[in-house]
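Enquirer: Structure for the following, please:
(6 chains)
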Number of protein chains: 6
Amino acid sequence: MRILIVNPNTTLSMTEKAAAAARAVAGPNTEIIARTSKSGPASIEGHYDGAIALPGVLTEIRDGEAAGANAAVIACFDDTGLEAARALARIPVVGLCESAVATAAMLAQRFTVVTTLERSRVLIENLVIRYGMSARTKVRAADIPVLQLEDKASPALAKLRCEIELALVEDGAEAIVLGCAGMADLARALQAEYGVPVIDGVSAAVKQAEALVSQGLTTSKRGSYAPPLSKSYSGLMSALAPISA
Amino acid sequence: MRILIVNPNTTLSMTEKAAAAARAVAGPNTEIIARTSKSGPASIEGHYDGAIALPGVLTEIRDGEAAGANAAVIACFDDTGLEAARALARIPVVGLCESAVATAAMLAQRFTVVTTLERSRVLIENLVIRYGMSARTKVRAADIPVLQLEDKASPALAKLRCEIELALVEDGAEAIVLGCAGMADLARALQAEYGVPVIDGVSAAVKQAEALVSQGLTTSKRGSYAPPLSKSYSGLMSALAPISA
Amino acid sequence: MRILIVNPNTTLSMTEKAAAAARAVAGPNTEIIARTSKSGPASIEGHYDGAIALPGVLTEIRDGEAAGANAAVIACFDDTGLEAARALARIPVVGLCESAVATAAMLAQRFTVVTTLERSRVLIENLVIRYGMSARTKVRAADIPVLQLEDKASPALAKLRCEIELALVEDGAEAIVLGCAGMADLARALQAEYGVPVIDGVSAAVKQAEALVSQGLTTSKRGSYAPPLSKSYSGLMSALAPISA
Amino acid sequence: MRILIVNPNTTLSMTEKAAAAARAVAGPNTEIIARTSKSGPASIEGHYDGAIALPGVLTEIRDGEAAGANAAVIACFDDTGLEAARALARIPVVGLCESAVATAAMLAQRFTVVTTLERSRVLIENLVIRYGMSARTKVRAADIPVLQLEDKASPALAKLRCEIELALVEDGAEAIVLGCAGMADLARALQAEYGVPVIDGVSAAVKQAEALVSQGLTTSKRGSYAPPLSKSYSGLMSALAPISA
Amino acid sequence: MRILIVNPNTTLSMTEKAAAAARAVAGPNTEIIARTSKSGPASIEGHYDGAIALPGVLTEIRDGEAAGANAAVIACFDDTGLEAARALARIPVVGLCESAVATAAMLAQRFTVVTTLERSRVLIENLVIRYGMSARTKVRAADIPVLQLEDKASPALAKLRCEIELALVEDGAEAIVLGCAGMADLARALQAEYGVPVIDGVSAAVKQAEALVSQGLTTSKRGSYAPPLSKSYSGLMSALAPISA
Amino acid sequence: MRILIVNPNTTLSMTEKAAAAARAVAGPNTEIIARTSKSGPASIEGHYDGAIALPGVLTEIRDGEAAGANAAVIACFDDTGLEAARALARIPVVGLCESAVATAAMLAQRFTVVTTLERSRVLIENLVIRYGMSARTKVRAADIPVLQLEDKASPALAKLRCEIELALVEDGAEAIVLGCAGMADLARALQAEYGVPVIDGVSAAVKQAEALVSQGLTTSKRGSYAPPLSKSYSGLMSALAPISA
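Expert: Residues are numbered from 1 along each chain as shown, chains lettered A, B, ... in the order given. Sure thing, here's the model as predicted:
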């Protein structure tokens, strides 16, 4: 089984961290293929970055499926381009936020997502509402620029720990979800420290992707995710035109 | 007051139709500036088309604001790129679906959106949920490819009338919302025919844009729509990198 | 275009303030006709005052429509009698709360309404739920009797500023909605002071009324807002009996 | 224990029918005092009638409490003036719709309200949403003018039975709620006929009123239902001014 | 009328306290029959205790109905086994939480449930969501083991008062619901002390049970609560096999 | 990795079918240990059967964890005892309904669960609401007694196919979830026949269990699922008393 991890951020070190987290949980017969988007922002912080990242993400999904991937993970907690990717691909495509909250919901009744910036907090709150988990989930921002997570000397970890502690005391959180792919290397240590489940979205998503493939399930092509219709695409986007099904 | 209409579909005849609808309702001091996206699909039908349309839409928003527009309308009923555009721009940006359902809600307790294809139906249902109107709104698809609306000889109007009639009988609809920018020229006649309010999204959105400008209101730059942070953008998207605030 | 502003409070100075706010945003071809209810409480503070204000409000709506108004605004943030007025009139009728939250939702993802008294806070929370905005909106009361807003020497403004500051810090508010018609004169200055959109309900409602009229839209007479049936009305209310359609 | 039944419709035969239903279920120590509003519409059909009925209802509530009633029932399924009456009175005030759906919810997971006119259907749907029961309740209108229920020779019962049968087959209804005070005399026979619980709002509300009094509970005067503040009331409504607490 | 009170906790002193509360509010013709479950935990604290209590509760419901009870109350605020009991019995069965929140909702717009342990808090929050009251209700835990309520010398009352005071100040509670059957003896005194309605679940449930019986209503046997089908039950549970209807 | 499958129905052939489905999707290093409850109903059809099944299910969970299972699946689509099992165990415990709808949600926007009996339909609808999926999911009953699924000669499959076809046409279903563990052997063939994803709950749950174990995640013991407190259990249930943590 080959699982494609697409990093919508164009920063290679984040891809490597996500790939390591993926490999740490993948099954013995799973090959992890990690790709960094070639087109878009160095890090995704808010709605604009997320929109501009889409063509790069979708190119990797299209090429990865053509190259034989059995499922794909979009490795950004904003679930960047998830619905468009599902419309494009026949293989299953999973997102980090969707996977992580579904995972947390099997371990805890109430949990808190800790993300990076305030601008991402409401975006993730809106995803949580869409995924039907708003009665069970709170979202906090730790005021950490995404790329600061790549820097061991930064105060990012201290800020993150502070918000986790507030989540336990003020939110009644029974589990913690790390709300950024760049936090994938921190989950195990934080779980040991705080004694509650700490869920990393990359790990959760890889296991969901494996689960779907093992069950012989692929994205529904009836209704919402019907394949793109053949039509002309103009300008920069002409290379992304769907080809006739 | 200058209001920018951005057509995310790259089809010029749709832009012209939207511009005509906009001018028909605009105030005496409002200048309508209509732009067709230069990059993306000829018509937006589903999630993939919508994602690929984003760089083209955002380019027009950025350039239009720089050229002095006071507000912008994204002229596709899927509200393509609405949140990213609000993060990018300081001027108000409004969408068709959001404007149309807010408008319908002031005239009727229950109403039905009639859109084009089944793949757009669920997408619009999800927008309606996000806009808080799901208890009041049903969404129907009339099985009309978007560009068929540009062809007077097509069966599009007959199909649309059929769904409106079902909405009145089966949904208890008290008003009808036309769920595609390409239907903008049909609202007045259908309203006269059926004796209930028929709302066109382009018209509704232009008036919302005027309303915001008249009140001296601009997009909040605190939280969700904070300006994009300065950072490197790679590949095709490098031209869309945000510049330092 | 003639827009009727009905003040459900029988206090003339509030009507004048609302009329001034209305005229400041109205289009060049809009005539603002402001009427003070002749029957009911001096100020509306809670459910009982609101109920007793209804005959006075509905009388003005009926008479205003007969006199040629093209739309009506009910100038109390509790949206006093809004649904009854829509059943009565064919012209569009808009409320302050409904208009203001629809307006805020186009500028910000999360916002806070600051109103006067605790008894009005839950009433407005319930309106916000009905308008589908509860996931995005918080409501705060500043402990200001309504008529204190008419007195420049009162501490009302200081209390209001205090709650706005709490909304920004504790609620993550991205915009502020002023939750009383008597605050209409304060919006511009508070917006300049706090750097976030500050929405006044009177201004918002006038622009919604203009928008509806410009689009040729009137209240649906199918279903919820069907005209009152001809029947006898007894006692004090006999003057308000509907006449046969 | 004295329970006041206020009929917001000014039709005496409806009051008598409600009083009979009330007495049939009241406890041995309960005195039922039935009052017909002296001011307002002969029957309440839609939002406008409901608004105009309020002063008459509130007058009876005020006078009934002063005369020693221990609780009050507002005998219209629209729960006309319920929140204003709670603000006015210290004694408990209950509504038919609120009582009936709370009652049905203790006997069945899914149930259907059958009401009179389409214009009342959405109004009741909105009450059901407010009472938190929308996931469990459907509302149907049988196209029966309210006063037709007073006429034994009318087709009202046949229409009502037709909708009950549709509710059982199409809605999966496990119980039926009769959605008009004028149907109070029909519940027992319909229950026997259909073999599912059939709830009459008058009966349900009387038992809720008794329940509250027996528990020594009165309307909260903290927050939403704080007593009306002393202030001047103008015009026709001056007789309804609250007196200083 | 005979009302069966089943205490799912196997602690006799709790049964006696519940019976006393029941008798204090019961009508003159109501006989209260209190039974302590013979099988299960001494006190119900959390999901596991609640599950293990079910066979004991259902045995008492079955036997009580056979012995002629007209309705049953399950005297634990977790509404332990409520849905199974309704499927088993034809007589009405009511729960404490469902009855108490329905009662509070007739007296106040916003209220707070104060329960014992944190593990019960989320369980009750989930009940409140199911009963449709989540927009109006907050739930607090006072960190009181259930059996501590049986000990007059314990700090339980002090802890409970502390949470009530926080509910009034922080939650804007307009009424208080006591969230444990073991608090039934405290309601009157706390109501007098705090000046807001204080609802005891046992009292509320007894009055709901009486109300249903007085109206001639029984549990719907159509759909969700259809009688258990005749089939073999194995092992310890063989004594609980349903007998053919 | 050892995954325990507990069949809450005491029918061995259902256990064998579930075990076969589990083994068909399990990873190469996963051992499936299937246990049939020794105490309870032959099949679970409705709330009463589900309640009586709990002691048997919880005994198997307790014993299975003690014997070294790494995770447990409760193999009934009603998620019988799921919350109690999570409170009891430290290993992850997953349910069929929760797993299946989470799985379907990654492949389709809208989907339909097809279950056995009407009495189970509303029960599953309520689970779907609790899992946050009610806006995306419909539930249908095919009128199949559970044990009829064990009989190849029965009309069960024909009835099931009929409801699937209605789901596709009337519900706009993009995927189908089989709503009974006894349907586990039918998923692959139905998926091939209808060309949409068909999800079996047993398979979905086994993969969720594996996913949780692979990530090193266990049930949160903070809050809702804190371990049962040590206390006396009476009567038949004394063998199930929790032992001191």
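
Enquirer: From residue A:109, how far out is the residue nearest the centre of chain A?
Expert: Nearest residue to the geometric centre of chain A (CA atoms, centre = their mean): residue A:96, 2.8 Å. The gap separating residue A:96 from residue A:109 is 21 Å, by CB to CB, to the nearest Å. Every residue, glycine included, has its C-beta placed from N, CA and C.

Enquirer: All the strands of chain A, in order from the start?
Expert: Here chain A has its strands, by DSSP state E, at A:2-7, A:31-36, A:40-41, A:71-74, A:93-95, A:111-115, A:137-141, A:175-178, A:198-200, A:233-234.

Enquirer: Could you chop chain A up by domain?
Expert: As given by automatic domain parsing, the domain ranges for chain A are A:2-95+A:204-240, A:98-201.

Enquirer: which one of those domains lies closest to chain C?
Expert: Of all those, domain A:98-201 sits nearest to chain C, with 4.8 Å by CB to the nearest CB.

Enquirer: Can the closest one be said to contact chain D?
Expert: No: using CB under 8 Å from any CB of the partner chain, domain A:98-201 never reaches chain D; the gap is at least 13.3 Å.

Enquirer: what separates that domain from the chain centre, distance-wise?
Expert: Computed by CA atoms, centre = their mean, to the nearest Å, the chain-centroid distance of domain A:98-201 equals 13 Å.

Enquirer: what mean pLDDT would you report for that domain?
Expert: For domain A:98-201, mean pLDDT is 97.

Enquirer: The residue nearest to the centre of chain A: what's it in contact with?
Expert: Neighbouring residues of residue A:96 by CB atoms under 8 Å, 6 or more residues apart in numbering or on different chains: A:73-77, A:79, A:181, A:201-202, A:204-205.

Enquirer: Please flag which of these sit within helices.
Expert: Counting by DSSP state H, these place A:201-202, A:204-205 in helices.

Enquirer: Most widely separated two among these?
Expert: The distance between the two most remote of the ones in helices among the contacts of residue A:96 (CB to CB) is 7.3 Å, for A:202 and A:204.

Enquirer: mind checking how far residue A:78 is from residue A:60?
Expert: To residue A:60, residue A:78 is 16 Å away according to CB to CB.

Enquirer: same question, residue A:214
Expert: Distance, residue A:214 to residue A:60, using CB to CB: 23 Å.

Enquirer: More neighbours: the two, which one.
Expert: Neighbours were counted for residue A:214 and for residue A:60 using other CB atoms under 10 Å in any protein chain shown; residue A:60 has more, 25 against 22.

Enquirer: number of nearby residues for the closest residue in space to the more buried one that isn't next to it in sequence?
Expert: In this structure, residue A:60 finds its nearest non-sequential neighbour in residue A:6, 4.4 Å apart by CB to CB, 6 or more residues apart in numbering or on different chains. Residue A:6 sits with 30 neighbouring residues when counted by other CB under 10 Å.

Enquirer: Pick the most deeply packed of the domains of chain A.
Expert: Highest mean neighbour count of the domains of chain A: domain A:2-95+A:204-240, a mean of 24 (counted as mean count of other CB atoms under 10 Å in any protein chain shown).

Enquirer: can you give me the helices in chain A?
Expert: Applying DSSP H to chain A gives helices spanning A:12-25, A:47-52, A:54-66, A:82-88, A:96-104, A:118-130, A:156-170, A:187-194, A:201-214.

Enquirer: Is the first one in proximity to chain B?
Expert: No: no part of helix A:12-25 sits near chain B under the criterion CB under 8 Å from any CB; the closest distance found is 10.9 Å.

Enquirer: Now do that helix: which elements does it pack against?
Expert: Contact here means 3 or more CB pairs under 8 Å, 6 or more residues apart in numbering or on different chains; DSSP states H and E; on that basis helix A:12-25 packs against strand A:2-7, strand A:31-36, helix A:201-214.

Enquirer: for the second one, same thing?
Expert: Applying 3+ CB pairs under 8 Å, 6+ apart, one finds that helix A:47-52 contacts strand A:40-41, helix A:118-130, helix B:54-66, helix B:82-88.

Enquirer: Which of the ones you listed sits closest to residue E:38?
Expert: Go through those one by one with CB to CB and the one that ends up closest to residue E:38 is helix A:118-130, at 44.7 Å.

Enquirer: quick check: angle from that closest one to helix B:118-130?
Expert: For helix A:118-130 against helix B:118-130, the angle by axes from the mean of the first three to the mean of the last three CA atoms, to 10 degrees is 110 degrees.

Enquirer: what about helix A:118-130 and chain E, touching?
Expert: No: using CB under 8 Å from any CB, helix A:118-130 stays clear of chain E, coming no nearer than 14.3 Å.

Enquirer: And for stretch A:160-171?
Expert: No: Stretch A:160-171 stays clear of chain E (CB under 8 Å from any CB), getting no nearer than 11.7 Å.

Enquirer: what does that stretch contact?
Expert: The list of residues contacting stretch A:160-171 from outside it, by CB under 8 Å, 6+ apart, reads A:110, A:112, A:114, A:138, A:140-142, A:144, A:173, A:176, A:178, A:183, A:186, A:190, A:193-194, A:196, F:222.

Enquirer: contacting residues for the nearest residue to residue A:107 once chain neighbours are set aside?
Expert: Counting by CB to CB, 6+ apart, residue A:107 lies nearest to residue A:197, which is 4.8 Å off, once chain neighbours are set aside. Contacts for residue A:197 were tallied using CB under 8 Å, 6+ apart; they are A:104, A:107-108, A:174-176, A:191, F:217-220.

Enquirer: Looking at those, which is nearest residue A:46?
Expert: Using CB to CB, residue A:176 is the member of those that lies nearest residue A:46, at 22.7 Å.

Enquirer: contacting residues around the closest one?
Expert: Per CB under 8 Å, 6+ apart, neighbours of residue A:176: A:111-114, A:164, A:167, A:190, A:194, A:196-199.

Enquirer: Can you name the two of the residues you listed that sit furthest apart?
Expert: Greatest spacing in those, by CB to CB: A:113 and A:194 (14.8 Å).

Enquirer: Pick out whichever of the ones in helices among the contacts of residue A:96 sits closest to residue C:41.
Expert: When these are compared for distance to residue C:41 (CB to CB), residue A:201 wins out at 54.8 Å.

Enquirer: Is the closest one in contact with residue A:181, as I believe?
Expert: Yes: the criterion here is CB atoms under 8 Å, and residue A:201 meets it with residue A:181 at 6.3 Å.

Enquirer: In contact with the residue of chain A found nearest chain F, which residues?
Expert: When distances are taken as CB to the nearest CB, chain A reaches nearest to chain F at residue A:132, 2.2 Å away. Listed by CB under 8 Å, 6+ apart, the contact set of residue A:132 reads F:131-136.

Enquirer: can you put the residues you listed in JSON lines and add distance to residue B:125?
Expert: Below are those laid out as JSON lines (distance: CB to CB, whole Å):
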{"residue": "F:131", "distance to residue B:125": "19"}
{"residue": "F:132", "distance to residue B:125": "16"}
{"residue": "F:133", "distance to residue B:125": "14"}
{"residue": "F:134", "distance to residue B:125": "13"}
{"residue": "F:135", "distance to residue B:125": "8"}
{"residue": "F:136", "distance to residue B:125": "10"}
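
Enquirer: Determine which two of these are furthest apart.
Expert: The most widely separated members of the contacts of residue A:132, counting by CB to CB, are F:131 and F:135 (11.5 Å).

Enquirer: Chain B versus the closest residue to residue A:185 other than its chain neighbours, what's the distance?
Expert: Excluding the flanking residues, the one nearest residue A:185 by CB to CB, 6+ apart is residue A:17, at 5.6 Å. To chain B, residue A:17 is 18 Å away according to CB to the nearest CB, to the nearest Å.

Enquirer: thinking residue A:17 is in contact with residue A:186, fair?
Expert: No: the criterion here is CB under 8 Å, and residue A:17 misses it with residue A:186 at 9.9 Å.

Enquirer: could you measure residue A:36 against chain E, distance?
Expert: 41 Å.
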